[in-house]
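Peer 1: Build me a model:
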Amino acid sequence: MPAAAAIGALGRYLRVRRALADPGAAGVPDPGNRRVPGLRREEVAFLAGVSSDYYVRLEQGRDRHPSDQVLLAIARTLQLDEDATSYLLQLARPPSPRSKRTRRPEKVSDGIRTLISGWPLTPAYVHGMYMDILAANTLATALSPFLTPGRNAILDAFIEPEMRELRPDWDAMTARAVPHLRSMAGPDTGDPRLVELVGELSLRSERFRTLWARQDVKHRTTGTSLFNHSQVGPLELNYERLLITGSDMQAVVTYHAQPGSDSEERLRLLATITTPDPGTPHGHDQPTPHANPRTSS
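Peer 2: Presented below is the predicted three-dimensional model:
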């Protein structure tokens, strides 16, 4: 991201998060005559211990070198959590030289593909920085046909009508997906791949536009997902997202059910009816790197 764009991104982030801040939680009395939501600029400046003029310059992008101490004080005032605070600090730093180079195609190592293929009772897949599905084992694709190499998880979540039927927790799932995308992409919102992805989603999904505009950032590594599977019925599965060391933000995602639960029984049934014939590979290789996820499905 060019330096000027980075400064603009910092100002936009501060404005959005200020509008979302709760005055009561910040200790600001509410006389009931607020015309706009959130905190006023002068309130943020006072609570963070900086001058109003200085804070205005930050939001307008006229101060290019805010200190971490000032940013941390503003983060506390805006009630940012750890992930959002880290994102704020990244926005204020000069862009790294790596972000200016052409990004290499993402490729999953043979070791990781062999690992997830060897889990017959654990749905598992690998996604890249921008939620492209790079590899998946047989049970993951049986759980959801959208977990297939060549697709893009966040595009499918917002655009595919069948996703609402498959995922009864669609509202919660999509609300998690957008902050996670921001956390994976980091402050380099000018990356061509991200621009293309956000552009398509913004054109085709009003819900995505609304969630993206909030600029929430959350790297969620564990939680619960609900599925309504056409063959085995409802499933409540816990997921774990594990970053792959040495990769460019690739992550392995696994699903598992509570031991002894109905979901565990149904997951075992799904594994039984989708067991491949002897000699058939248990996982799915990735397609040509960076194949267009909309034309490869």
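Peer 1: Now do the same contact list for A175.
Peer 2: Counting by C-beta atoms under 8 Å, 6 or more residues apart in numbering, A175 touches L211. The way it works is simple: take the backbone N, C-alpha and C, and place the C-beta from them, glycine included.
Peer 1: go again using 10 Å as the cut-off
Peer 2: By C-beta atoms under 10 Å, 6 or more residues apart in numbering, A175 lies in contact with 169, 207, 211, 214, 216, 218.
Peer 1: now swap in L58 and tell me
Peer 2: Residues in contact with L58 (C-beta under 10 Å, 6+ apart) are 7, 10-11, 14-15, 41, 44-45, 48, 50, 64, 66, 70-71, 74, 92.
Peer 1: before we move on, which element is it in?
Peer 2: Assessed by DSSP states H and E, L58 sits inside helix 52-60.
Peer 1: and what of R209?
Peer 2: Per DSSP H and E: R209 is located in helix 206-213.
Peer 1: packing partners for that helix?
Peer 2: Judged by 3 or more C-beta pairs under 10 Å, 6 or more residues apart in numbering; DSSP states H and E, the packing partners of helix 206-213 are helix 153-159, helix 170-185, helix 192-204.
Peer 1: hmm, which two among the contacts of A175 are most spread apart?
Peer 2: Using C-beta to C-beta, the pair of the contacts of A175 lying farthest apart is D169 and R214, separated by 19.2 Å.
Peer 1: one step back: adding distance to G27 and mean pLDDT, write the helices and strands packed on helix 206-213 out as CSV.
Peer 2: Below are the helices and strands packed on helix 206-213 laid out as CSV (distance: least, C-beta to C-beta, whole Å; pLDDT from 0 to 100):
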stretch, distance to G27, mean pLDDT
helix 153-159, 37, 97
helix 170-185, 26, 92
helix 192-204, 35, 93
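Peer 1: Can you say which of those helices is packed in most?
Peer 2: Highest mean neighbour count among the helices and strands packed on helix 206-213 (mean count of other C-beta atoms under 10 Å): helix 153-159, with a mean of 21.
Peer 1: how far out from the middle of the chain is that helix?
Peer 2: When distances are taken as C-alpha atoms, centre = their mean, to the nearest Å, helix 153-159 is centred 12 Å away from the chain's centroid.
Peer 1: And the host helix or strand of R76, what does it pack against?
Peer 2: Secondary structure from DSSP H and E places R76 in helix 68-77. Contact here means 3+ C-beta pairs under 10 Å, 6+ apart; on that basis helix 68-77 packs against helix 3-20, helix 41-48, helix 52-60, helix 82-92.
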